[in-house]
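Student: Next come a sequence and a model predicted from it.
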Protein chains: 2
Amino acid sequence: MFGTMLETPLLVSRILDHAAERHSGSTVTGFVGDMVPRTSRFDVIAARAAATAHALTDLGVSEGDVVAVLSGSRPEVIESMFAIPSMGAAVLSLNVFRSRSFLLAALRDNDVSVLLVDPELLPRALDVIGDLEHAPHVVVFDDEVHGDTTALPGDAQGGQLHALEALLDGRPTTFPWPAVDERTAAALAYTSGTTGLSKAVAFTHRSIWLHSMQMCMAESAALRSGDSVLTTVPMHHVLSWGLPYAAFMTGASIITARPRPGQAMHSGRELAELLATFRPNKVATTPASLQRLLRHLENHPQPLGHLGEVLVGGSPVPEALFDAFVTRHGVTIMQAYGLTESSPIATFARADPHSSATHRRAQILGQGRFPAGVDARIVESGRVLPNDGWSVGELQLRGPWVTARYLGDDSTDRFVDGWLRTGDMATISPRGYLDVVDRVDDIIASGGELISSVELEHAVLRDDRVADAAVIGVPDERWGNRPMVLVHLKPGATATARALWDSLEGHVDLWKRPDHWAFVDDIPRTSVGKYDKRAIRSLHAEGAYRVTTISPGSAT
Amino acid sequence: MFGTMLETPLLVSRILDHAAERHSGSTVTGFVGDMVPRTSRFDVIAARAAATAHALTDLGVSEGDVVAVLSGSRPEVIESMFAIPSMGAAVLSLNVFRSRSFLLAALRDNDVSVLLVDPELLPRALDVIGDLEHAPHVVVFDDEVHGDTTALPGDAQGGQLHALEALLDGRPTTFPWPAVDERTAAALAYTSGTTGLSKAVAFTHRSIWLHSMQMCMAESAALRSGDSVLTTVPMHHVLSWGLPYAAFMTGASIITARPRPGQAMHSGRELAELLATFRPNKVATTPASLQRLLRHLENHPQPLGHLGEVLVGGSPVPEALFDAFVTRHGVTIMQAYGLTESSPIATFARADPHSSATHRRAQILGQGRFPAGVDARIVESGRVLPNDGWSVGELQLRGPWVTARYLGDDSTDRFVDGWLRTGDMATISPRGYLDVVDRVDDIIASGGELISSVELEHAVLRDDRVADAAVIGVPDERWGNRPMVLVHLKPGATATARALWDSLEGHVDLWKRPDHWAFVDDIPRTSVGKYDKRAIRSLHAEGAYRVTTISPGSAT
């Protein structure tokens, strides 16, 4: 027997209408040009999204099409994130730091017919488009098309170059959003490709709704009206973790920051300036950004009393970093875990009030608890292990905001019986708390035992002389593999490998400590701020690092 | 183009599994016998729900069936609220204070094949069942069936009488919950029938999920792990506002209180004792219960520092009551608005931080803001009025947890173009805040102007001598209708009608003040604690009240 409730689909357009009507005064702050802030109210965003939809319709966009965006954190990106799904099309936010061949494939594979572009990135866009058989329409976030670019290069049949503001001029500020099926693709995202080729997933209107509701739940990110949320996570990185949709659902204002042009990450000083200028009560960022901020604050203290909670994801937060923010700055860090494939948020680290103090500390130092909707299990050699807090295996997920497949890719090695294989080695506690031990590809098998590269990195980072540290496994005749650590010392600090090795006393068992040490000025990171261990392994194989090898008892 | 997200239904069984696994230590406290508390952990509730499903299967219950519950607030009621929907059947919690004919019709119309009964209410159940052609199985919340009741009266073909604990004995504590369609009916609820015949709605698994997520959102009831929520709202009243499902979704412990047997409401003293015993940080209750509590606290003060927020619904909260709790007891009252037809929660009153202090006060004194998912409009004579904060008309709602029809009733006068007519006269502000002026049936049309009976009640209640006050319209030759007020004075207080009339100075315009005053010892209320104005009007028509009539300038 069916119930009597209204069968109304959960659509992105309904989030937009709700925000425009009831949270009209909340704002989005983006940045244009060389870090010039620009603030828009939700009702203005909604009106411009409707006008954008009219313009895109005239350019031939219809339901089921894919429209791509290549931009820094301009407010127009948020407009397009609402306009395009609300029309029944899908938005694809591209990462400008990805390779030319990746961008080309993304445009080609998705039959992108319109590309929205930041004026600064127009040369890059035109360069890529030159290789397409059919050029898309290119719409620049600007008043007019500048320079010698009014015709698209090398293409007679394809699209043209347009200025967004000229296209929007005089358009209606409402649009008859279609009542599409809630399972329709609303937004596409590519995995970062850390462990191989990038693959795309397509979030649905339904998954965006459920994921957004989750982010507003008190037990999760607890977004609410009146919040001012600074995010350093770019829109091309899982839509800035879906924050814009959640913010519009509840009336939270957002400041979507971007690094200076050409930079992949914010410097500590830039982050400190953003905090001082906008005084957000919440921040969404990565451990790498927090490390930079912490180092900057050491010599340039500033009051952070405005900060309620800092939401951190992307990789596990080192204990030393966590404690430094709590004890030196009174700032609470809340970890979250997820992947592109899980929309991305799959856990939030709030302690369970029913647990002991020791357990509560472990709960917030780990990646957090799974909410209703996300099923999780630990699997090793095809066997499901108990959620006992110490059985390590691969984490597998399923749920209404977890992908069931990749777009246009029927290879099944990442899915097992309807579960997503995350590629993360982890434990789950009896109360549903996740602790990620390492990536499956990064964990070090040494003499039949497993060593977590993440655990070693966090331990090395405890030393005050160390600014950054990454660990990989390197082949070893006797043990199979042994850990090697890259260390980036703080400016002016000096330390020998032996001294750092000794400082692990009391924190890391002797047999787990890194045998190989290399001091470097910079540690390779991916475009989303994670250690690029594939690059580190390649560089090491090419002999790029000067390595000191230590064995217990030696005096190296 | 469909997205790639897993198409997994939102099912009540998934909330139960989540709660049992990840919030096993959270608890439900119910009451058995003469107010004896009994506490169960979520994992125990889940195990017993599975056993209950096995027992019900053996009694012939299958997908699509309706199983009814007639009980006080015992923990077994929560078990059945999860077991029955999770099996694919629908649970119907009946109000024992409803008439015999209502109960009979509810059992008959829904082909109820099993009735779960509180031992105290067994005589009442057997009495009603005696009139059914086919008696259902009756399962008593007990170890064994006591007394001379092992065979059901007057029925040869129908069900038998069972003791729940005997049925559960030795059953498995897991159940293979079916993957039903999320639009399947999970729970039935009857409207209170204040304005006519009771009608039933059927909540779906999907609507329960979305409503529960909403109740956990920071902007709404913000339920979370570690909360201890005392609810005085019985399960038969829209499933205690859906609180159990939301609590299991997030790990909030609940104390589901009941009045003493035979009483429809808690006394102030009982509420004070519940607060002192359980020290909840949240409470869900009605204005009528709060009035009683406030009166009790006047002479029996007790510390209420444990109380974070009090969630109040059912009818608008008088300003005097609101302020008394804030100023005398430091307790924040958060209003919510809803109907059986809206699951029920359709608004929550949290102030908009972007508004002025004056507006913020109006926002929390009103019924609150609509969340994403609930569309609302104000309609007068078929015309949609603007949401300007002062245009009064009937409130209409639609959304995924708002009903689209009544069960087995195709009469359409309560639905217009897919919108539910609430029967409430209200305004909506530009920021989406609701202010309920009155029920359509209770507003007083006087000389072409509308007078809100609710506004008058709240104004009369400002007077310290007044314990309770209800206003109805009575026919008037000159003006069509004029307000009459029933006043219940506090013990020991004395006041003339004239004195109370005078005390409205500065709060109510002269022309709106009640002409007719009657002092009474008790004001009729419905079984859910609202003023029963139909009963008051009947009693007045029968001459039951001694009425003093006042006109401005007279000295009565």
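Tutor: Structure's in. What do you need?
Student: Contact partners for residue A:222?
Tutor: A:216, A:309, B:218, B:222 (Cβ atoms under 8 Å, 6 or more residues apart in numbering or on different chains). To be clear about C-beta, it is placed using only N, CA and C from the backbone, and glycine gets the same treatment.
Student: wait, doesn't residue A:389 sit right on residue A:426?
Tutor: No: the pair residue A:389 and residue A:426 fails to qualify as a contact (Cβ atoms under 8 Å) at a distance of 10.7 Å.
Student: who has more neighbours, those two?
Tutor: residue A:426 (22 against 15; other Cβ atoms under 10 Å in any protein chain shown).
Student: List phi and psi for that one.
Tutor: phi -160, psi 170 (degrees, to the nearest 10).
Student: quick revisit: out of the contacts of residue A:222, give me the one that has the most neighbours.
Tutor: Greatest neighbour count in those, by other Cβ under 10 Å, goes to residue A:216: 29 neighbours.
Student: rewinding a little: what is the lowest-pLDDT residue among the contacts of residue A:222?
Tutor: In terms of pLDDT, the least confident member of the contacts of residue A:222 is residue A:309, at 93.
Student: how much space between that residue and residue A:280?
Tutor: Going from residue A:309 to residue A:280 by Cβ to Cβ, to the nearest Å gives 10 Å.
Student: before we move on, what about residue A:249?
Tutor: 18 Å.
Student: what's the longest helix seen in chain A in contact with?
Tutor: Using DSSP state H, we find that the single longest helix of chain A is helix A:42-58. Helix A:42-58 is contacted from outside by A:16-17, A:19-21, A:23-28, A:40, A:67, A:75-76, A:78-80, A:82-84, A:86-87, A:89, A:114, A:139, A:164, A:167-168, A:171-175, A:177, A:248, A:251, using Cβ under 8 Å, 6+ apart.
Student: Now, these that are in helices?
Tutor: A:16-17, A:19-21, A:75-76, A:78-80, A:82-84, A:86, A:164, A:167-168, A:248.
Student: ok, and which of those reach chain B?
Tutor: By Cβ under 8 Å from any Cβ of the partner chain, the members of the ones in helices among the contacts of helix A:42-58 lying near chain B are A:19, A:21.
Student: In the stretch 101-250 of chain A, what residue spans correspond to strands?
Tutor: Assigned strands in the stretch 101-250 of chain A, in chain order: A:114-117, A:137-140, A:161-163, A:185-190, A:200-204, A:228-231 (criterion: DSSP state E, counting those that start in this stretch).
Student: Contacts only, for residue A:481.
Tutor: Applying Cβ under 8 Å, 6+ apart, the residues near residue A:481 are A:444-446, A:473-475.
Student: Now the common contact residues for residue A:389 and residue A:426.
Tutor: Counting by Cβ under 8 Å, 6+ apart, the residues touching both residue A:389 and residue A:426 are residue A:435.
Student: tell me the domain ranges of chain A?
Tutor: Here the domain parsing of chain A from automatic domain parsing is A:11-209, A:444-549.
Student: Quick one: mean pLDDT over the shortest one.
Tutor: Computed over domain A:444-549, the mean pLDDT rounds to 91.
Student: about what we covered before: so can I have JSON lines of the strands of the stretch 101-250 of chain A showing mean neighbour count?
Tutor: As requested, the strands of the stretch 101-250 of chain A are exported to JSON lines (neighbours: other Cβ atoms under 10 Å in any protein chain shown):
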{"stretch": "strand A:114-117", "mean neighbour count": "26"}
{"stretch": "strand A:137-140", "mean neighbour count": "25"}
{"stretch": "strand A:161-163", "mean neighbour count": "19"}
{"stretch": "strand A:185-190", "mean neighbour count": "27"}
{"stretch": "strand A:200-204", "mean neighbour count": "27"}
{"stretch": "strand A:228-231", "mean neighbour count": "23"}
